[in-house]
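In: After the sequence you'll find the predicted model.
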Amino acid sequence: MSKSIKGTILNDSENRDDVRLEAKRVSKSFGGVRALSDVSFELRRGEVHALMGENGAGKSTLVKILAGLHAPDSGEVRVDGRRVALRSPHDAMRHGIAMIHQELMPVPDLTVAENLLLGREPRGRLPGTLDRRALRREAERLLGLLKVDLPVDAPMHTLSVAQMQAVEIARAIGTGAAAVIMDEPTAALSDREVDALFLAIRTLQARGTAIVYITHKMDEVFRIADRITVLRDGAHVATAPARELNEARLIALMVGRELACGRVRGPATVGECLLAVSGLSREGAYREVRFELRRGEILGLAGLMGAGRSEVASALFGLAPAERGEIRVRGQAVRIRHPGDAMRLGIGMVTEDRRADGFVPLMSVRHNVTLAALKRCCRGPMIRHADEAEAAAQAIARTGIRTSGDGQAVVQLSGGNQQKVVFARTLMTHPEILIFDEPTRGIDVGAKAEVHALIAELAEQGRAVLLISSELPELLALSDRLLVLRQGEVAAELDPLTVTQEEVLKYAMPI
């Protein structure tokens, strides 16, 4: 017997002994704001249960309660049918619950191996010592489960965001937990790394491990999930077997309305070349990269993790300058040694890690938005606060940031609105050339549609856009041309209107 899609859909014949982890009628408020209202959720042995919803729907609050980071105001948590009080992540671990967080939390000065086995280090023969050989061997085994090749003795701070994400995933898998919560585990991974993760998840399932899987990527949900639960505005909307839903229905449940899918861009009207790159090279990252970017054009840059996409973007914005090659802006050869040079040349960039590089979390929306162009709001050394407030108000309206006021701290916003703050700050300098590196990483489907529309609008206004994304549907929906990087080199230039995802991956795969 099943209930309507608007209620909980359960097969009454399921054995309750299979329920590994359960939240029953859980509610939680923060400062008078209700984050969860009477939400129930269950996770069965050996299943992948996708938890879906827009940012602010309550997903993170629910899983943090399950992981011991928050205590519910009312309701209860059960593990293997027994009521438990999870007062800390250590309590959760003792009950066999591990969590991979969306925001990475490595110990930057420890090695990859030390991070992977943190708190579970193999002891040496003498008291207080470590067995370094066993540490490295176990670290290599865990990374091998994800088919990730990383130097286990490298400090974490030397890794890319995608590589750190892989280490976090491997660490959680290595705990041997009975239930693993994965919050946006593939946000920084390419398709090949995602395939390896899914293979590892299937291995965990076969052992009886239960997985809570949070993602904003629709294709992943239907590839990996057995059941799907949707939250909206802190309330439970539906739970159903994945086979009973499709993408359109799932999106409608998440956002409460229908969203258009498919191609975002119409035919582009391109103008003169604003950015030309030739022979761009940096040892160990990319070599002989060549392309042109024209006014009104969106050029997509595809490739696997480690292909050099973000490194090329960093060179163009002066974060990590190239060692060789030429960059021309509006036909003139230029040297870009740091971001100040890039901004003076009319180049703006949204980096892949908004929390680390995109905004100051505890500062207000207003101060974050105006940070890159504060001189416009000054008279001499003094800030004209009325001018700053007006500039921020215009930027907030233009990018559609939803906030209680421009004085609200950015850390209090949803992921999608945090990303819009980064967009607004970048646009404050009026750049003609825009670089977007993973612009929709970790934001929900509704916010993603708004960001896509904003990127398309910027191109239609005559800006030149370089778009880097690990999501091929995003690149195909927005790009006018598509470059594929493979092992640091341009492997192909493709037409997004005619190419398939499989063809793109064929060019991206290492030789």
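Out: Yes, it's here. Only a predicted model underlies this, so the values are computations on that prediction, with no experimental measurement involved.

In: Over to residue 291: give its phi and psi.
Out: phi -170, psi 170 (degrees, to the nearest 10).

In: Please tell me the pLDDT value assigned to it.
Out: Per-residue confidence at residue 291 stands at 97 (pLDDT).

In: Let me know how buried residue 168 is, in neighbour terms.
Out: Counted with other Cβ atoms under 10 Å, residues neighbouring residue 168 total 23. For the C-beta atoms, the positions are set from N, CA and C on the backbone; glycine is no exception.

In: The one 5 residues further on now?
Out: Burial of residue 173, expressed as a neighbour count using other Cβ under 10 Å, amounts to 23.

In: again with residue 238
Out: 23.

In: Surely it is within a strand?
Out: Yes - counting by DSSP: H, G, I helix; E, B strand; the rest coil, residue 238 is found in a strand.

In: Could you measure from it over to residue 135?
Out: To residue 135, residue 238 is 45 Å away according to Cβ to Cβ, to the nearest Å.

In: Check residue 27 too.
Out: Counting by Cβ to Cβ, the gap from residue 27 to residue 135 is 43 Å.

In: Who has more neighbours out of those two?
Out: Neighbours per residue (other Cβ under 10 Å) separate residue 27 from residue 135, with residue 135 holding more: 21 against 16.

In: so what pLDDT did the more buried one get?
Out: For residue 135, pLDDT reads 92.

In: distance of it from residue 113?
Out: Taking Cβ to Cβ, one finds residue 135 at 5 Å from residue 113.

In: show me where the stretch 1-150 of the chain has strands.
Out: 19-30, 33-44, 48-52, 74-79, 82-84, 97-100 (DSSP state E, counting those that start in this stretch).

In: Please save the CA atoms from the third one in PDB.
Out: Which is strand 48-52. Output of strand 48-52 as PDB, limited to C-alpha atoms (Å, rounded to 0.1, in the frame of the first residue of the first chain):
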ATOM      1  CA  VAL A  48      21.400   4.900  -1.000                       C
ATOM      2  CA  HIS A  49      18.800   7.400   0.200                       C
ATOM      3  CA  ALA A  50      19.000  10.700  -1.700                       C
ATOM      4  CA  LEU A  51      17.900  13.800   0.400                       C
ATOM      5  CA  MET A  52      16.800  16.500  -2.000                       C
END
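
In: Tell me the helices and strands packed up against it.
Out: Strand 48-52 makes packing contacts with helix 59-66, strand 210-214, helix 218-224, strand 227-232, helix 247-255 when contacts are defined by 3 or more Cβ pairs under 8 Å, 6 or more residues apart in numbering; DSSP states H and E.

In: could you give the angle of the last one to strand 48-52?
Out: Direction vectors for helix 247-255 and strand 48-52, defined by axes from the mean of the first three to the mean of the last three Cα atoms, to 10 degrees, enclose an angle of 60 degrees.

In: Report all helices and strands that helix 247-255 contacts.
Out: For helix 247-255, the packing partners by 3+ Cβ pairs under 8 Å, 6+ apart are strand 48-52, helix 218-224, strand 227-232, strand 235-241, helix 445-460.

In: Can you add distance to residue 98 and give the ones you listed back as TSV?
Out: As requested, these are exported to TSV (distance: least, Cβ to Cβ, whole Å):
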stretch	distance to residue 98
strand 48-52	15
helix 218-224	18
strand 227-232	20
strand 235-241	23
helix 445-460	27
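
In: Any chance of a markdown table for the ones you listed, columns distance to residue 174 and mean pLDDT?
Out: Conversion of the helices and strands packed on helix 247-255 to a markdown table gives the following (distance: least, Cβ to Cβ, whole Å; pLDDT from 0 to 100):
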| stretch | distance to residue 174 | mean pLDDT |
| --- | --- | --- |
| strand 48-52 | 19 | 96 |
| helix 218-224 | 20 | 90 |
| strand 227-232 | 26 | 95 |
| strand 235-241 | 30 | 95 |
| helix 445-460 | 31 | 87 |
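
In: Ok, which of the ones you listed comes nearest residue 414?
Out: helix 445-460 (7.2 Å; Cβ to Cβ).

In: mind checking how far that closest one is from the chain centre?
Out: Averaging C-alpha positions (Cα atoms, centre = their mean, to the nearest Å) puts helix 445-460 17 Å from its chain's average.

In: where are the low-confidence patches of the stretch 251-400 of the chain?
Out: Applying pLDDT under 70 to the stretch 251-400 of the chain flags the ranges 257-262, 354-357.

In: Start from the N-terminal end of it and give the strands.
Out: 273-282, 286-294, 298-302, 324-329, 332-334, 347-350, 378-379, 382-383.

In: So which of those strands is the most surrounded?
Out: Among the strands of the stretch 251-400 of the chain, strand 298-302 has the highest mean neighbour count (mean count of other Cβ atoms under 10 Å), at a mean of 27.

In: Counting by contacts, list what that strand packs against.
Out: Counting contacts by 3+ Cβ pairs under 8 Å, 6+ apart, strand 298-302 is packed against helix 309-316, helix 445-460, strand 464-468, helix 472-478, strand 481-486.

In: by how many degrees do the third one and strand 286-294 diverge?
Out: Going back to what we said before, that points to strand 464-468. Using the same axes, to 10 degrees: strand 464-468 against strand 286-294 is 140 degrees.

In: And strand 464-468, what does it pack against?
Out: Going by 3+ Cβ pairs under 8 Å, 6+ apart, strand 464-468 lies up against strand 273-282, strand 286-294, strand 298-302, helix 309-316, strand 433-437, helix 445-460, helix 472-478.

In: could I get stretch 159-170 in CSV with only the CA atoms?
Out: Output of stretch 159-170 as CSV, limited to C-alpha atoms (Å, rounded to 0.1, in the frame of the first residue of the first chain):
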residue,chain,number,x,y,z
LEU,A,159,46.1,19.9,-3.2
SER,A,160,43.4,21.3,-5.4
VAL,A,161,39.8,21.5,-4.2
ALA,A,162,38.8,18.4,-6.1
GLN,A,163,41.8,16.5,-4.7
MET,A,164,40.9,17.5,-1.1
GLN,A,165,37.3,16.4,-1.8
ALA,A,166,38.5,13.0,-2.8
VAL,A,167,40.6,12.7,0.4
GLU,A,168,37.6,13.6,2.5
ILE,A,169,35.5,11.0,0.8
ALA,A,170,38.2,8.3,1.2
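
In: Just the buried residues of it, please?
Out: 159, 161, 162, 163, 164, 165, 166, 167, 168, 169, 170 (16 or more other Cβ atoms under 10 Å).
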